[in-house]
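Asks: Structure, please.
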Amino acid sequence: MRPDHPMLLHPSAAIAELQARPSSARMQNYLLGGRDHYIVDRDGARRAADRMPFLESAVRHERMYVLLMVQALAIAGIRQLVDFGCGLPHGPTPVDVLTRIHPDARAVCIDNDVLVHTHADAMMTAKAPAVVESLCADVRDPESILASREVLETINWREPVILLLGSVLHHIEDTAAQPLTVLVDQYKHVAATGSALVITHATADVSGKPVRRFAKTMTAAGCPVHLRTKEQIARLFDGWQLTSPGLTAPQTLALEYPVLPQAASYAGTARKESAHGRAV
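Replies: All right, here's what the predicted structure looks like:
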């Protein structure tokens with residue numbers, strides 16, 4: 001955190017300001033059944049659900065997809081994780097899944113919400129020999145993140161790593177000054193062969209009007225949501241090989257039934273292959 005950050009200069013005022021506006025991380029925590037949220041977050045989540053009645057199931061399907069992918073990649077041998085926009089810990093977390101399979105796993109959990117970071121820092125613990133660090137940073141600043149002590153001392157970029165961007169990229173505007181593909185490429189570039197990129201991203205392709213109403217409500221509440229098409233999201237994986245079942249609705253891998261037909265996002269996982277076309 002910068003020395004001139006408002007949280008350090010005026011902690012009480014900064015905390016009060018953060019508590020006064022809804023947070024996507026705390027809203028998601030509420031929708032997943034967690035306890036780390038405020039009235040403003042619960043009200044915001046209810047308003048969003050009024051616009052998109054299947055919001056809770058959509059959030060749960062995304063979460064299940066992420067956990068299943070982290071599990072599959074860990075079983076395939078990947079022992080490192082960088083969780084961008086990790087949100088509030090609500091078990092099981094991706095770190096829980098990874099360390100259950102690899103007790104010596106190494107992970108960095110990143111969020112730009114100071115309250116989320118403070119809580120995550122206190123709650124995210126791992127038993128040795130696992131190493132888990134929490135970093136307060138903005139995914140839009142890859143130079144700062146990649147040069148941070150937390151990342152440099154935890155992640156070995158010569159070994160495969162899971163780059164997890166779950167429900168975070170749709171909060172970032174795609175601009176000429178910082179195209180979203182260029183931003184993601186900066187993280188992909190440093191990752192070793194065999195690494196994996198896991199993305200879930202909001203879209204109106206499948207369910208249309210309810211999702212657009214949801215995005216408008218979230219944006220008006222101070223949590224911008226930029227909906228993108230399947231083609232736009234697919235470009236984020238360029239240069240890496242999408243794994244089965246490709247870029248699809250998260251409930252494609254649902255383990256619970258009945259599965260609702262409505263979808264508010266796409267989910268995909270890709271591996272970085274060598275020049276010879278192999279991921280590992």
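Asks: Look at residue 19 and report its pLDDT.
Replies: Residue 19 is assigned a predicted lDDT (pLDDT) of 66.
Asks: same deal with residue 9?
Replies: At residue 9, the model reports a pLDDT of 38.
Asks: Give me the below-cutoff pLDDT ranges for the chain.
Replies: For the chain, the stretches with pLDDT under 70 are 1-20, 89, 120-125, 254-259, 275-280.
Asks: now the strands for it?
Replies: 80-84, 106-111, 131-136, 162-166, 196-202, 241-242, 265-271 (DSSP state E).
Asks: quick one, which of the ones you listed is nearest to residue 65?
Replies: strand 265-271 (4.6 Å; C-beta to C-beta). Just so you know, the C-beta spots here come from the backbone N, C-alpha and C atoms, and that holds for glycine as well.
Asks: How about residues contacting the closest one?
Replies: 58, 62, 65-66, 69, 73, 167, 170, 194-203, 205, 230, 233-234, 237, 240-243, 246-250, 252, 279-280 (C-beta atoms under 8 Å, 6 or more residues apart in numbering).
Asks: Could you do stretch 61-81 as well?
Replies: Contact with stretch 61-81 is made by 32, 92, 94-95, 97-98, 101-102, 104-108, 155-156, 159-162, 164, 166-167, 194-196, 198, 200, 249-251, 253-256, 263, 265, 267, 269, 280, as judged by C-beta under 8 Å, 6+ apart.
Asks: Filter these down to the buried ones.
Replies: Among these, those classed as buried by neighbour count (16 or more other C-beta atoms under 10 Å) are 32, 94-95, 97-98, 101-102, 105-108, 155, 159-162, 164, 166-167, 194-196, 198, 200, 249-251, 253-254, 263, 265, 267, 269.
Asks: Export the strands of the chain as a markdown table, with columns for distance to residue 36.
Replies: A markdown table is the format used below for those (distance: least, C-beta to C-beta, whole Å):
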| stretch | distance to residue 36 |
| --- | --- |
| strand 80-84 | 17 |
| strand 106-111 | 12 |
| strand 131-136 | 14 |
| strand 162-166 | 17 |
| strand 196-202 | 21 |
| strand 241-242 | 34 |
| strand 265-271 | 23 |
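Asks: Residue 41 is nearest to which of those strands?
Replies: strand 106-111 (14.7 Å).
Asks: Tell me how many other residues crowd the residue nearest to residue 226 when sequence neighbours are not counted.
Replies: Leaving aside its sequence neighbours, residue 226 sits nearest to residue 170 (C-beta to C-beta, 6 or more residues apart in numbering; 5.4 Å). Residue 170 is flanked by 24 other residues according to other C-beta atoms under 10 Å.
Asks: swap in residue 193?
Replies: 16.
Asks: Next one: the nearest residue to it once chain neighbours are set aside from residue 192, what distance?
Replies: Distances taken as C-beta to C-beta, 6+ apart put residue 274 closest to residue 193, at 4.6 Å, once the chain neighbours are dropped. Computed as C-beta to C-beta, to the nearest Å, the residue 274 to residue 192 distance reads 10 Å.
Asks: Mind checking which of these two has more residues around it?
Replies: Comparing residue 274 with residue 192 by other C-beta under 10 Å, the one with more neighbours is residue 192, at 16 against 11.
Asks: ok, the more buried one touching residue 163?
Replies: No - using C-beta atoms under 8 Å, residue 192 is not in contact with residue 163, being 11.1 Å away.
Asks: residue contacts, the closest residue in space to residue 54 that isn't next to it in sequence?
Replies: Excluding its sequence neighbours, the residue lying closest to residue 54 (C-beta to C-beta, 6+ apart) is residue 262, at 4.4 Å. Counting by C-beta under 8 Å, 6+ apart, residue 262 touches 54, 57, 58, 206, 207, 210.
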